[in-house]
Structures are given as C-alpha cells and as structure tokens.
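In: the sequence and its predicted three-dimensional model are supplied below.
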Amino acid sequence: MSKSGLFKSSIGRKFAMALSALFLMIFLLQHLVINITAVISPDTFNELSHFMGTNPLVQFFAQPILIFAVVFHFVMGFILEIRNRTARPVSYNKFNGSANSTWMSRNMIISGLVILAFLVLHFIDFWFPEINTKYIVGDTSGLHHGEYRYYPELLAKFANPARVIAYIVAFVLLALHLMHGFGSAFQSMGQNNKYIDGLKKFGVIYSIAVPLGFILIAVVLYVTTLN
Amino acid sequence: MNLTLKIWRQQNSNDKGKMVDYQISDVSGDMSFLEMLDVLNEDLISKDETPVAFDHDCREGICGMCSLHINGEPHGPDRGITTCQLHMRSFKDGDTIYIEPFRAKAFPIIKDLVVDRSAFDRIQQSGAYVSVNTSGNTQDANSIPVPKEDADMAFDAATCIGCGACVAACKNSSAMLFVSAKVSQFALLPQGKVEAKKRVQDMVHQMDEEGFGNCSNTGACEAECPKGISLENIARMNRELISAKAAVKH
Amino acid sequence: MTNIDAKIPSGALKDKWTNHKNNINLVNPANKRLIDVIVVGTGLAGGSAAATLAELGYNVKAFAFQDSPRRAHSIAAQGGINAAKNYQGDGDSIYRLFYDTVKGGDYRSREANVYRLAEVSANIIDQCVAQGVPFARDYGGLLDNRSFGGVLVSRTFYAKGQTGQQLLLGAYSAMNRQIGRGKIKMYNRHEMMDVVLVDGKARGIIARDLVTGKVERHSAHAVVVGSGGYGNVFFLSTNAMGSNVSAAWKIHKKGAYFANPCFTQIHPTCIPVAGELQAKLTLMSESLRNDGRIWVPKNMEDVKAIRAGQLKPTQLSEDKRDYYLERRYPAFGNLVPRDVASRAAKERCDAGYGVNQTGQAVYLDFASAIERYGKETAHVQGLNENDQALVTKLGKEVIANKYGNLFQMYEKIVDENPYESPMMIYPAVHYTMGGIWVDYNLMTTVPGLYAIGEANFSDHGANRLGASALMQGLADGYFVLPYTIGDYLSNDIRTGTIPTDHPAFADAEKEVIERLDHLINNKGTKSVDNFHRRLGHIMWEKCGMARNRQGLTEAISEIQALRDEFWKDVKVPGGRNEFNEELAKAGRVADYLELGELFAKDALLREESCGGHFREESQSDEGEAKRDDENFKYVAMWEYTGKPADAILHKEDLVYENIELKTRSYK
C-alpha cells in the first residue's frame, strides 16, 4: 500500500476532516479577535481590516488555503455522509439514538448545512462586495469619502434585525457543531486518553465562547445602530 | 405482564419484509428476553404459524450470537449486557416492544431477525492474528514480561464478543469499535507489535471493502457495547493507521 | 468382553509420547497438499486442530453450526486452564498434574493419555501467549496463577473470568490466518448430518447448509469430530442452546464405540432454576470457591424463616450456619472437586435445608473474604484496620476486581446484589466426561475417524477437575491429533481426491433427506421443545446427581416411550429447503432421545459410585461414594447395533502401573 492510500481509507478521510477542522477552528479564533475590536475600538478594527484586506501574504497565501480548507471540509463532509447513508440501506422502524449519543454528534450534517447556508449569506454580505471593490473595481484604498469604510459598512449590515437573528441561529448551530467537532477531531487524529481530558474541557469552553462572542458582537452592533 | 411485540418478519434474503404485531400475555419479569421469544414461538407453532427466527446460542452473554435491536437499541435498553441477559423486568405491563434485526448493508438479513455477520470474520481473516505456527516450539511464556497495565488494556479490548451491536447502534453502521478492539489487543502486546503496521492497514482496508460506514465519533457504539469496549481503542487504531501509512515507503 | 487395543505405546510412562512421536509414520510436506481433512466443530479442540493441520499443509474443511467459529461454546469457559509450569514454585510438576487428574477422575481414565496431557500442558501456555492471548499478569509482567478445586498447587492460568473466550479467540485467530491463506475452507452455519464410510474408512460427511437447507456431500481422507459434549440431553444445562450430541451420535451409529456415556459432571456453582419456562442455566465460575464459603442454616426453623422472607441470611450468626464442606472435608474445605461439592449440596437440600423457594439452593458467601481482603488492604495502605465501614469498602473493591464480571452477571439474572447478600447457587449439568471412545492416537473404532476434545472420553475419567477442559481441548487440537493423524494418513498419499459420487455418499445423503422429510411431514401436535423438556426431566430426576437401579430402569422405558411418541407426534413447522431452526432442533432432540437411553443403560450397568456417577446402592455409611475397582475398573464401550437397547458392551480394562489406586479422600 502506498502513502496516497491514506486518504482512500475511511480513517484517512476522517483524519483529513480533522486537520481541516483544526485549521478552521484556529481561523475562527483569529476572526473573533478582529471582530471584538469592532465593539471596543472601531479604529483598531478599521486598521486591522485594512491590513488583512490588502496584505499580499494574507490575500494570496492564507486566503486561498482558507478557502480550500472550507471547501474541502464541506465536500469531504458530504462524501462521508453519503457513504454513511449507503451503509444502512434499510433504516430502523425505531431508532433510539438519544439513548446512546448526543444530538450534536448525530446531526453534524444538519449543523454543517446551516453553517454552509450562513457562509453563503456571509459571503454575499461581506466577501463578494469586498472582492468586487478591490479586484474588479480596483479600489484598494479602503476609503470611503476619505475615511475607512470597514466599520461603517459593518454597522450598516447589522442594522437589519433579520440578519442579526439569522447570524444568532447560525452561531448557535456552530456552537453545537464545535461541541462535538472539537473532541471528535482529536479522536480522529488518534488522540484520546486520560492525558487529554484537559484539552476536551478546553474544547467545550471554546465551542461555547467563540460562537457566543460572535453573537454578542452582532447584538452590540445592532444596538449601536439603534442609537 | 401483557405486551405488544412489533417484530420484523422477512421470509428470506430476497423477501421485502415487514413489521408484524403480536400480543403476548403472562410474561414474568424473571424471564429472559429470549425465553419470552421462546414462549411466543411455542405459541406460534401451536397455531401452525412460522416461528420467529433469531440467533442465539450460549444465553450467558459471551458467544456473541444473539443480536436484536430492541426498542431502538441493540441488546435493548439495559447497559453492559447482551439480549440473552436482558430480563423482562426491564419492561412493564402494556409496553409495546419493537424487535428488529441489526441493520447494515454489511449485515444482510438471512431470515426475520437473523443477519449474516460474516463480514466480521473476513475482517479478522485479513490480519487479526499473530503469524506464529502452533508447533509447540515457541519460547517460554514468561520470557517476555508484559507490563500489567498493557496486559490489562489488551485484555479489555480482547473481551469483544463480535456481536455487531456497535455497527447496529452506529448511525453510520460503522465497524470501527469492533475492528479497533482487535487492532488494539495486538498492538498493545509485544507478540503482536511485530506485524502491527501491516495488520492495521489490512484490517481497515477490509473493513472499508465490506461497506461499513465511517466513524463520526458519536460514541453510540461504546454506550451500547455489551462488553464496554472503550472508544480509546478507536483512537488507538486511528493513530496506528495514520502512523503506519505515513511510515510506508513507496 | 472383547479385546480392545488402545494402542498405548510401550515403554516407561514418561517416554511413551516421545517414543511414539519418534516412531509413527509421517507425511512429507509435498504430500500433505494432496490430503483433505474434515474437522467438525470449531471450539478449542476443533479450531486448534483445524489451524494446526492447515499449518502443517493439509487441506482442511472445517464445519460449524454457528455463524462463526468464534461462537463455539468453549467461549463460555470462565475459570482457567491448567498447566504444569510451576511458575509459582509450589512443587508442581508434570507428574503432579498427571496424578491430580487421574485421582480427580476417580481412577477411570487412561494413564498414558493423561500423562501426555500433562506433558504438553506447558506448551499450550507458551503457544497461547505467542498468539497474543492476554492472560492475567502480575505487576512484574509475568503470568499469574490461581488455584482450583481438587488440587493443592496454583497451576491455573486465567484471563479474568473469560479464559475460555480468550483461548478460543486465540485458536480462532490461528484459524483465520489459515482461512486467509486458503488452507482452511470454512463452512459456517453447516451442520454435520452423517459420516460417510467407504470400504470401512471414514471418507466424508453429509452436511446441511442451515441457511438454504441444502444437503451437501463433502469428502476427505479423514474426518475429525470435535463437536463437544452432550450435557443438553438434560435440557437444562450450562451448555449453549445449540450444543448437541448429533455429530458424535451419528458416528456412533456408524461404528464408533461410545464410552462411559453416564459420566456427567454436575457443576456445583450455578444459578438456581427460577421458573418452568427457563431454557438455560448459568454457571458461576468455580474460581468463586477460592473466596466464597458455602453454607446452609444449621436449624430448620431458620431455613423456614429465610424461605418465608422473615429472616435475611446476613442476620444469621456464625454459630447458626453450617459450612458443610468445611465440616465434612477439612483438608480441602470449599475447594473439594466438583462432584463432591455438588453431591454435598444435594445432600443438604434433600435433607430440607435448601434456602430458596424451591428448596434447591445453598449460599455462597463472600462476607469473610471481603473482611479478610479489606483488613489486608487497610494494613498495606496504612489505614485503620478497625474501621468496619472502610474495611468492608476496601474488601468489596478487591472482590470486585477479582470477580466483578461474575457478580454483575449474577445480579443481572437474580436481581439481587451479591456484595450485600450471599449468592444462592445450586448444581447444574455442565460437562460430559463420557464420549466417543478413542485410542491413544485419538482415533475411534472406525479407521480414519477421530474424536477430540469433550466429544471423546479420554482424559477425565469419571470426573473432570476445574480448568482441565480447556487444557484437554487445546492439547488434542494443537499438539496430539496433528501428529497422530499423520500415521494414518501416510497410507493415503496415493489415494487422490475422494469422489463424492461414490454410492456410499448417495446412500448416506438419501437417508439424511428421508429423515428430514419425515420430520417435516410428520405434522404431529407437540413441539420439539416439549419433548426435549420431558426428556430433560427424566434425565435429571433419574440419571442426575444420584442414581439407583429402580430409577434407571424406569428411565430406560420412559425414554423409549418418549422416543416413540416423538416420532409419532412431533410437529416441525416450515420446510426442508429453508432456514428452519425447528427442523435443526428436531434432529438434535431425536438423537438425544437415543443417547439418553444408552446413558441410563450405562449408568445401570455401573454398580459403583465413582466421580460424577453416584449410585445410591454404593455408598459408605457416611454417605461418601464407594468405588468398586474389582468389578468396574474399566471403560464401558458401547457398540451400536440398531437401537440403544441392543447396544453391545465392550470393555477396556484400565491398567494403573504408575499410580496406586486409593479411595479418593478430600478430608
């Protein structure tokens, strides 16, 4: 068997899922840190946004990797899901899953699909306009009427309560997804024993704190627009 | 107590099969679940109906022959036991009990509640052994000390009875717990380490070939396993496979 | 009495096996490829034999009625496996294991076979460890031992309460390796229906595919039967539901003599029968007797109060308890051999001291062990030895560590916590020492037909010691049969594949199909289980732990009548060419109905008490078994001539050159 065989095996695929998940979790944390600045110091937020949006390393190295990781994670998730469904062609009349496992663990595909839907919305909201401004219109100044446009644009989006609610729902599902995904990723990479119990606890804190952070930011921004 | 049984009836592998309702009365709490089915079958035979086919043998929870998905769970609602060890005191008068076969593409139905679990045998045949001849000329059993902790962990993994409850409980019909138990047993013992890399690759390959699903770490297998085989075994197998694949040269 | 040649090699006892191996014919590796061997049964004996024969190069076809070789009932053996390793340095040796086994078997086994068994026992442990069997180890990483009934040394290797499982999975893994290599062709869910003899030699079998119902012909140069024992003739036993005598009985009917059918082991520590509809009894490992003390109340009023639920056993003070094994057998106490312990329990229960509703239960009490271990642990950990609650807690932990799974099993079945209240136990049928007669080479009286493991009669005499069944199964399969069969097969290197179109196959197949059709077409009124239960009842009442002339005579005629009724009135639903559990069961019960009669006949003939066979007419004033070496120091071999009543008795005289026959005493 050759090295390439790893990703042909079920375990190898799960390993790949776990690797992409870990990368995405690190990204999520970084994204949260930047967003927090929006409610603490809009100026810092503007500076950081401009840096991230124009730094070539971020734009042409990190961003493609991120996009690849996102796409890979979703596509592989679907591939695995299809395989899992075909593994039981006739289903049970009665299946008492809640007796032996959590809702999160059994419904990663549902939380994942919600997150995918959210990502579409998120891209329409921010990423496509951003790409359009920078690379199609060709304006990389980051300015609008002489001032950084990032914070005002952000604020404008969160003036709509429907969007805020959509974001909250998505982040709740993200929390559920992470709640299972964090520990699961380590298990898939072969790490599960008494020594990593601490890591699992950290996973629970992470899974709640990160999505909660995003939710709070959305709510604060919405409240800000009311004034 | 009086019970309603909803049982999967399927004449043979080609038949489509369906759930059929049966009423059973005067069930005592001290009866085992399979004794309750024995009584049902006696009754069916006396009425010139076909008895319900189900697998069973030792009736003490060790041979792994009995299966049955009872009220949505393999081996029923209790923990740490097989169907043959389940007693009717776990149910109450008037209950409706769903009795279905273990379901998975890799476990085709033979008749009624009897399924073909030979996929498990084929996985074992692909590498679940130490390649040592039974010549009687092996070295003295005490020549290689094995740390007690390793021996105990290997034993815990080795207590798997191959019943297939892990597959039946898993929403993905994954056989990871079963396979990892055997991989772990050998990987933990010095006698098994020699072939460990080849073994894990061959067994995982065969597992995938048989059409089992992927592991999504729900932990249902561990919860339903009558022998309490730990998920740590799956992690160990993941680790073994990843390192084996990484180590193999082109 | 005929002259029976058991083919015991000449020479000193300790040299017999080595000399024999040096002198028998071998088959060269190239020729082994031309030879097929059928192995029926894949338990410890059949599984290990199939694996080893395949390794040696023979083409093996293995048959199991279960869905996988791993399900064979060897898997349920709990306690352990004996081996003369002397790792504990307590004076064990091959001779001592040999001596204990012959004595434990009440001097009714063959010296040469038992010595060979003791000789290869150490090899078994080496082999199993090399295969990755996870035996229990101590903190130094070396193998641990425990002691078992009837011996004074610690020679039992174990894997918690699942030794049989681990050993069987070891043999199964060896088989898997050969199945993967294509050297074993495995036939799961296949039941042997008959053996086929060509020119007087075993040349194949007729088997039925239990999934499709198809009757098939399989040929080979030799047939090995490792199909286990026949304890299920009692209906209720600790055997698996599917365990059956059919393979052994079929070869008996084709010419293999059946030896000592009445030698049955009734295991003392089983969970008592709970209700009329019970289908199966559960064993609690003998190892529990290492720490458990067996007792019943001394006074009848306490018995009555306990049965009425007015008194709890824990409330009864020490002086009101009768630790009857310790009282009667001070030297061995609770660790007397199984037959002795079982009879003593029956004696107390018959006298009215049984402690449950049915009056058929005694206590197995761990309170003093919990106390002792608790104090020991407290001492080691430097804690207060006088803190009763702490001592009990620590003691329970030790007990849980040693027997946790057994305690859990008990609680699941009985719904009572054995850590708090003593267990209730009662003897149950467990193992059959009798079986197909074999010579030193494990060949039956039919050339080319072998019997191994529990299916043969050879090594345990009239009573088997604990942890010896696993030893014998693996010794036969790994280390004895694979050598001795070569001697016979060396004549077959030019024979070529045995054709299955020989008239002998056609005749056997026709007979099998007719019998199956008869069962299907009978359309009687009573189910198979109905007959099996009734047979079991006769067996337990009249051929059980104590037997007498009158009961046995009645049993014979009752079984005959039941058998006639069975063939007239049995009802088997479904058809022949389909998965039909009832049909399979019917065939097995039909054979039990014949064996049962031979069993009773054999027990009637043996007017002595020895081992598991207790004739009420032959006992001492104290109620101990009285053996009669002058008249019964032989193996009773039965030749089938048409029906059990007409079976002809042959005798193999047992010669003891190395052991002096003594009255077995565990006092």
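Out: Yep, it's here. Numbers count the residues shown, from 1 in each chain, chains lettered A, B, ... in the order given.
In: per-residue confidence for the residue in chain B positioned nearest to chain C?
Out: Ranking the residues of chain B by distance to chain C (Cβ to the nearest Cβ) places B:P145 first, at 2.9 Å. (Glycine included, C-beta is placed from N, CA and C.) B:P145 is assigned a pLDDT of 96 by the prediction.
In: how many neighbouring residues does it have?
Out: Other residues near B:P145 come to 14 when the count uses other Cβ atoms under 10 Å in any protein chain shown.
In: cool, and B:M19?
Out: 14.
In: hey, what's it bridged with?
Out: With DSSP bridges applied, B:M19 shows beta-bridge pairing to B:W8.
In: measure the residue nearest to the spatial centre of chain A to chain B for me?
Out: Closest residue to the average C-alpha location of chain A: A:L28 at 5.8 Å, with Cα atoms, centre = their mean. Computed as Cβ to the nearest Cβ, to the nearest Å, the A:L28 to chain B distance reads 20 Å.
In: low-confidence bits of chain A, can you list those?
Out: In the predicted model of chain A, residues A:1-4 satisfy pLDDT under 70.
In: for chain B, same thing?
Out: Filtered on pLDDT under 70, chain B yields the residue ranges B:136, B:248-250.
In: could you pull out the helices in the stretch 551-667 of chain C for me?
Out: C:581-605, C:629-632 (DSSP state H, counting those that start in this stretch).
In: deepest of those, which one?
Out: helix C:581-605 (a mean of 24; mean count of other Cβ atoms under 10 Å in any protein chain shown).
In: mean confidence (pLDDT) on that helix, please.
Out: With pLDDT averaged residue by residue, helix C:581-605 scores 98.
In: just checking, what packs against it?
Out: Other elements packing on helix C:581-605 under the criterion 3 or more Cβ pairs under 8 Å, 6 or more residues apart in numbering or on different chains; DSSP states H and E are strand C:190-198, helix C:246-253, helix C:503-522, helix C:528-542, helix C:549-569, strand C:634-639.
In: 7 Å instead?
Out: For helix C:581-605, the elements it packs on are helix C:246-253, helix C:503-522, helix C:528-542, helix C:549-569, strand C:634-639, judged by 3 or more Cβ pairs under 7 Å, 6 or more residues apart in numbering or on different chains; DSSP states H and E.
In: how about the contacts made by the residue of chain C found nearest chain B?
Out: Shortest chain C-to-chain B distance, computed as Cβ to the nearest Cβ: residue-wise this is C:G141, at 2.9 Å. The neighbourhood of C:G141, defined by Cβ atoms under 7 Å, 6 or more residues apart in numbering or on different chains, consists of B:145-148.
In: find the nearest non-adjacent residue to it, please.
Out: Distances taken as Cβ to Cβ, 6 or more residues apart in numbering or on different chains place B:P145 nearest to C:G141, at 2.9 Å, with adjacent residues excluded.
In: the residue of chain C closest to chain B and C:R203: what is the separation?
Out: Distance of C:G141 to C:R203, given as Cβ to Cβ, to the nearest Å: 50 Å.
In: A:M17 now?
Out: Distance from A:M17 to C:R203, counting by Cβ to Cβ: 57 Å.
In: of the two, who's got more company?
Out: Under the criterion of other Cβ under 10 Å, the comparison of A:M17 against C:R203 puts C:R203 first, with 29 against 24.
In: is any residue of the helix or strand that contains the more buried one near chain B?
Out: Mapping C:R203 onto the secondary structure by DSSP states H and E places it in strand C:201-209. No: using Cβ under 7 Å from any Cβ of the partner chain, we find that strand C:201-209 stays clear of chain B, coming within 11.3 Å at best.
In: would you reformat the helices and strands packed on helix C:581-605 as a markdown table and include distance to chain A and mean neighbour count?
Out: Shown next, in a markdown table, are these (distance: least, Cβ to the nearest Cβ, whole Å; neighbours: other Cβ atoms under 10 Å in any protein chain shown):
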| stretch | distance to chain A | mean neighbour count |
| --- | --- | --- |
| helix C:246-253 | 35 | 26 |
| helix C:503-522 | 31 | 16 |
| helix C:528-542 | 29 | 21 |
| helix C:549-569 | 39 | 17 |
| strand C:634-639 | 52 | 22 |
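In: isn't C:G435 right next to C:F457, touching?
Out: Yes: A contact is recorded between C:G435 and C:F457 when judged using Cβ atoms under 7 Å, the distance being 4.3 Å.
In: now the common contact residues for the two.
Out: Among the neighbours of C:G435, those also in contact with C:F457 (Cβ under 7 Å, 6+ apart) are C:A259.
In: report the distance from stretch C:25-41 to the chain centre.
Out: Mean-position distance between stretch C:25-41 and its chain equals 28 Å (Cα atoms, centre = their mean, to the nearest Å).
In: against C:R606, how distant is C:E111?
Out: As judged by Cβ to Cβ, C:E111 and C:R606 stand 20 Å apart.
In: so these two - more neighbours on which side?
Out: Comparing C:E111 with C:R606 by other Cβ under 10 Å, the one with more neighbours is C:R606, at 24 against 19.
In: what's near enough to touch the more buried one?
Out: Under the criterion of Cβ under 7 Å, 6+ apart, the neighbours of C:R606 are C:262, C:613, C:632, C:636.
In: contacts only, for the residue nearest to the first one when sequence neighbours are not counted.
Out: Distance criterion Cβ to Cβ, 6+ apart; nearest residue to C:C262, sequence neighbours excluded, is C:A603 at 3.7 Å. For C:A603, the set of contacting residues under the criterion of Cβ under 7 Å, 6+ apart consists of C:262, C:543, C:547, C:552, C:613.
In: wait, is C:S368 part of a helix?
Out: Yes: membership of C:S368 in a helix is supported by DSSP: H, G, I helix; E, B strand; the rest coil.
In: relative to chain A, how far out is the residue lying closest to it once chain neighbours are set aside?
Out: With Cβ to Cβ, 6+ apart as the criterion, C:S368 has its nearest non-adjacent residue at 6.0 Å, and that residue is C:R293. Using Cβ to the nearest Cβ, C:R293 is found at 38 Å from chain A.
In: quick one, grab the pLDDT at C:R293.
Out: The per-residue pLDDT reported for C:R293 equals 96.
In: so what sits opposite it in the bridge?
Out: Taking DSSP bridges, one finds C:D365 as the beta-bridge partners of C:R293.
In: wait, it sits on C:V362?
Out: No: proximity of C:R293 to C:V362 does not meet the contact threshold set by Cβ under 7 Å, at 10.6 Å.
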